[in-house]
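Visitor: what's the 3D shape of this:
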Amino acid sequence: MNICPKCNHNGSTEEIKIERTHKMFNFEILVKNIPATICNECGYAEYLYPKELDFQLRDAYRTHTNCITFKLDK
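Guide: All right, here's what the predicted structure looks like:
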């Protein structure tokens with residue numbers, strides 16, 4: 001039972017996995033299975049990218065100049 005930070009409804013949130021595409025310069029990174037919390041009342045969702053993505057972004061930008069896609073499956 002969690003409280004939604006937006007609408008303060010008690011017990012209305014659930015843990016889900018989502019995927020998001022992150023764009024940085026000429027890169028497009030697809031990140032899968034991001035832990036997220038979504039409110040069943042107002043639809044507000046919170047999610048954080050895994051820390052490993054930061055390292056992948058830096059390495060990719062140093063070594064590639066074309067568009068790339070990462071798939072981070074956990």
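Visitor: which residue, other than its chain neighbours, is closest to residue 18?
Guide: residue 36 (4.7 Å; C-beta to C-beta, 6 or more residues apart in numbering). Bear in mind the C-beta positions are built from the backbone N, C-alpha and C, glycine included.
Visitor: cool, and residue 33?
Guide: residue 17 (4.7 Å).
Visitor: and that neighbour, how many neighbours?
Guide: 11 (other C-beta atoms under 10 Å).
Visitor: okay, and it sits in which element?
Guide: If you go by DSSP states H and E, residue 17 is part of strand 13-24.
Visitor: strands paired with the very next helix or strand once past that strand, and their directions?
Guide: Next helix or strand after strand 13-24 toward the C-terminus (DSSP H and E): strand 27-39. With DSSP bridges as the test, strand 27-39 is paired with strand 13-24 (antiparallel), strand 45-47 (antiparallel), strand 71-72 (parallel).
Visitor: pLDDT of strand 27-39, averaged?
Guide: When pLDDT is averaged along strand 27-39, the result is 76.
Visitor: residues of that strand that come out buried?
Guide: Within strand 27-39, the residues scored as buried using 16 or more other C-beta atoms under 10 Å are 27, 29, 31, 34, 36, 38-39.
Visitor: out of those, which is nearest to residue 3?
Guide: Closest approach to residue 3 among the buried residues of strand 27-39 (C-beta to C-beta): residue 39, at 9.3 Å.
Visitor: measure the residue nearest to residue 18 to residue 27 for me?
Guide: 22 Å (C-beta to C-beta, to the nearest Å).
Visitor: what's the answer for residue 17, then?
Guide: For residue 17, the distance to residue 27 equals 23 Å [C-beta to C-beta].
Visitor: same deal with residue 20?
Guide: For residue 20 relative to residue 27 (C-beta to C-beta), the value is 14 Å.
Visitor: do the same with residue 8
Guide: 38 Å.
Visitor: and the residue nearest to residue 33, what does it touch?
Guide: 32-36 (C-beta atoms under 8 Å, 6 or more residues apart in numbering).
Visitor: contacts made by stretch 37-47 with the rest, please.
Guide: Here stretch 37-47 has contacts from 2, 4-7, 9, 12-16, 18, 20, 34-36, using C-beta under 8 Å, 6+ apart.
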